[in-house]
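> predicted model and sequence follow; I will ask about them next.
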Amino acid sequence: MNEEKKIITPRLVIMLLLAVVVIPMLPLLVSGQWNWTEAWIYAAICVLGFVLSRVLAARRNPGLLAERARFGQQADAKSWDRKMTLLLTLGGLIIHLVPGLDRLKGWSAGLSMPWVVAGFFLVIAGYFLGSYAIVTNRYFSGMVRIQNDRDHRVVSSGPYRWVRHPGYLGAAITYTGIPFFLDSVWTLIPVAITIGILVIRTSLEDRTLQSELAGYEEYARHTRYRLLPGVW
């Protein structure tokens, strides 16, 4: 209980409000169109997905939330990953900002309903896969580091049977769905750039794990694909 109290800091509360509430609500806040049904549904998916995944992860993997609460403060996190996480945070912010501006300014001509429905299912699928990865992997840290303080070991169950970085794949799927679900073709531009950064981070993290985490090389021989089954 004392450990749980220690992780609830003003810094963590601010980070959670920004990541879980403000950023998902950006399309509504920027556009000012409070009758935008898809934007409300998207914000609800983000909030509910976050809460449910963290509750399940905390029950299955005690200590994981404390590890993630230290985001950016781990002294042994890779220096290159601090730059990657900054770029990905900026990318995520822009991905949520552009649909609101698009709606406000009328940049996009509008997509047909089948595209919007496809975007909805991509967002749901991405959140499900990302949540599945968090619940399965007790070492799912927000920063790339070898968690010797937590007896870091290879996880090969759940979605890790199919790809080595299912959490990143889930994020990429969700990002891909946002422009279609929120009816903003222009959002495809920051999505493509952000996924590109995500691919680079995946490559760097995978290389780190292969060289520094015992058993990961063998796992990589059995689970061949880093991010996308059949491709890479």
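All right, it came through fine.
> just the pLDDT for the residue most central in space within the chain.
Among the residues of the chain, the smallest C-alpha distance to the mean C-alpha position (C-alpha atoms, centre = their mean) belongs to A171, namely 4.4 Å. Model confidence at A171, expressed as pLDDT, equals 97.
> how close does it get to G63?
Using C-beta to C-beta, to the nearest Å, one gets 23 Å for the distance from A171 to G63. All C-beta spots, glycine's among them, are computed from the backbone N, C-alpha and C.
> count of neighbours near H152?
Here the count is done by other C-beta atoms under 10 Å, and H152 has 18 residues near it.
> quick one: it and F140 touch, right?
No. With contact defined as C-beta atoms under 8 Å, H152 and F140 do not form a contacting pair (11.3 Å).
> check contacts around the residue nearest to the centre of the chain.
For A171, the contacting residues are G126, G130, L198, by C-beta atoms under 8 Å, 6 or more residues apart in numbering.
> repeat that for 6 Å
With contact set as C-beta atoms under 6 Å, 6 or more residues apart in numbering, A171 has these partners: G130.
> what helix or strand does it sit in?
With the criterion set as DSSP states H and E, the secondary-structure element containing A171 is helix 166-181.
> quick one: that helix to chain centroid distance?
For helix 166-181, the gap between its own C-alpha mean and the chain's C-alpha mean amounts to 8 Å (C-alpha atoms, centre = their mean, to the nearest Å).
> measure how the host helix or strand of V117 sits relative to helix 166-181, angle-wise.
Per DSSP H and E, V117 falls inside helix 113-136. Orientation of helix 113-136 against helix 166-181 (axes from the mean of the first three to the mean of the last three C-alpha atoms, to 10 degrees) gives an angle of 160 degrees.
> would you mark the buried spots in helix 113-136?
For helix 113-136, the neighbour count (16 or more other C-beta atoms under 10 Å) marks 116, 119-120, 122-124, 126-136 as buried.
> what does stretch 37-54 give?
E38, A39, Y42, A43, I45, C46, G49, F50, S53, R54.
> chain neighbours aside, what residue packs nearest to the fourth one?
So that's A43. Once flanking residues are discounted, A43 sits nearest to P24: 4.4 Å by C-beta to C-beta, 6 or more residues apart in numbering.
> hmm, D76 and R145 touching each other?
Yes. Checked against C-beta atoms under 6 Å, the pair R145 and D76 is within contact range at 5.0 Å.
> where do the helices sit along the chain?
Taking DSSP state H as the criterion, the chain contains helices spanning 2-7, 10-16, 23-31, 37-60, 64-69, 79-105, 113-136, 166-181, 188-212, 216-222.
> how far does the second one sit from the chain's center?
Counting by C-alpha atoms, centre = their mean, helix 10-16 is centred 18 Å from the centre of its parent chain.
> show residues contacting it.
For helix 10-16, the surrounding residues in contact (C-beta under 6 Å, 6+ apart) are A69.
> at 10 Å instead, please
For helix 10-16, the surrounding residues in contact (C-beta atoms under 10 Å, 6 or more residues apart in numbering) are 8-9, 22, 50, 54, 65, 68-73, 142.
> PyMOL command for the buried members of these?
One line in PyMOL is enough to select the buried members of the contacts of helix 10-16, burial here meaning 16+ other C-beta under 10 Å:
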select buried, resi 50+54+65+68+69+70+71+142
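> perfect, I'm done here.
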